[in-house]
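> coords please:
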Amino acid sequence: MQNPELDINKYVEQAALLLDLPIKDEYYEGVVANFARIQAIAQIVNSFPLPAEVEAAPVFEP
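A predicted model of the protein is given here:
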């Protein structure tokens, strides 16, 4: 499910301020484009149903 209220430009601006991470003008469009890709991937992951008995692993080991 896509969040129609999410403004990725505003998100990037606010996250950069919160993290005190300046983004140079020449990189800004690329950062926004990458966050749009991240949002699309996250929607796929978050839409996958998990059974109630599934527990989060306390430690990730590849």
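
> please make it C-alpha for all contacts and neighbour counts, starting now.
OK.

> which helices and strands sit right next to the longest helix along the chain?
In the chain, assigned by DSSP state H, the helix with the most residues is helix 25-47. If you count contacts as 3 or more Cα pairs under 8 Å, 6 or more residues apart in numbering; DSSP states H and E, helix 25-47 packs onto helix 8-18.

> list the buried ones in the helix it packs on?
Buried residues in helix 8-18, defined by neighbour count with 16 or more other Cα atoms under 10 Å: 8-9, 12.

> Phe35: which of these is nearest?
When the buried residues of helix 8-18 are compared for distance to Phe35 (Cα to Cα), Ile8 wins out at 7.0 Å.

> pretty sure the closest one is in contact with Val32, am I right?
Yes. Contact criterion Cα atoms under 8 Å: Ile8 and Val32 qualify, at 6.5 Å.

> relative to Leu19, how far out is Ala40?
Using Cα to Cα, to the nearest Å, Ala40 is found at 23 Å from Leu19.

> pick out whichever of those two has more residues nearby.
Shown here are Ala40 and Leu19; by other Cα atoms under 10 Å, Ala40 has more neighbours (13 against 8).

> contact partners for that one?
Contacts for Ala40 were tallied using Cα atoms under 8 Å, 6 or more residues apart in numbering; there are none.

> same deal with Ala36?
Ile8.

> name the residue most distant from the centre of this structure?
Glu53 (26.1 Å; Cα atoms, centre = their mean).

> report the secondary structure state of that one.
Glu53 falls in the coil class when you classify it by DSSP: H, G, I helix; E, B strand; the rest coil.

> next one: it, what pLDDT does it get?
Glu53 is assigned a predicted lDDT (pLDDT) of 88.

> ditto for Gln2
Listed pLDDT for Gln2 reads 54.

> what does Ala33 give?
97.

> what of Ala16?
Value for Ala16, per-residue pLDDT: 96.

> surely it and Tyr28 touch.
No. Contact criterion Cα under 8 Å: Ala16 and Tyr28 do not qualify, at 10.6 Å.

> tally of neighbours for Glu29?
For Glu29, using other Cα under 10 Å, the count is 13.

> that one and Val54: what is the separation?
As judged by Cα to Cα, Glu29 and Val54 stand 38 Å apart.
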